[in-house]
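J.: what's the 3D shape of this:
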Amino acid sequence: QVQVEESGGGLVQAGDSVMLSCVVSGRRTFDKYAMGWFRQVPGKEREERECVATINYSGDTTYYTDSVKGRFTISRNNANNTVYLQMNNLKPDDTAVYYCRADYRYWGQGTQVVVSS
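T.: Numbers count the residues shown, from 1 in each chain. Next comes the predicted model:
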């Protein structure tokens, strides 16, 4: 059974930086998984989660939603089954619960990021 666990959220001020981490355990196939970070704001349903960034299995292809380009960086370390989301110059609109998704189907419980102005 695959388990996905996010960490690194918290309360920060606008302009601050935060790094989120996501560890995947349970199977020895992390290096075959496409990974993604999504976020869900209060009042939105799970199906309305926004895809923030994705990275392919090898790490050489990434995607970012327009609102975070130039501020967020997704990366992965296949040796320790971890994917990261470095978030710089945070804005209040980045406030959300951030979820990690592995292999298009396995989700973590989320980590909250609150950005105060």
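J.: from memory residue 48 sits against residue 42, does it?
T.: No. Taking contacts as C-beta atoms under 8 Å, residue 48 lies outside contact range of residue 42: 11.3 Å. For the C-beta atoms, the positions are set from N, CA and C on the backbone; glycine is no exception.
J.: Between these two, which has more neighbouring residues?
T.: residue 48 (10 against 7; other C-beta atoms under 10 Å).
J.: What's the separation between the residue sitting nearest the centre point of the chain and residue 117?
T.: When the chain is reduced to its mean C-alpha position, the nearest residue by C-alpha atoms, centre = their mean turns out to be residue 37, at 2.9 Å. According to C-beta to C-beta, to the nearest Å, residue 37 and residue 117 sit 23 Å apart.
J.: now residue 24
T.: 34 Å.
J.: neighbour count winner among those two?
T.: Taking other C-beta under 10 Å, residue 24 and residue 117 do not tie; residue 24 has more neighbours (23 against 9).
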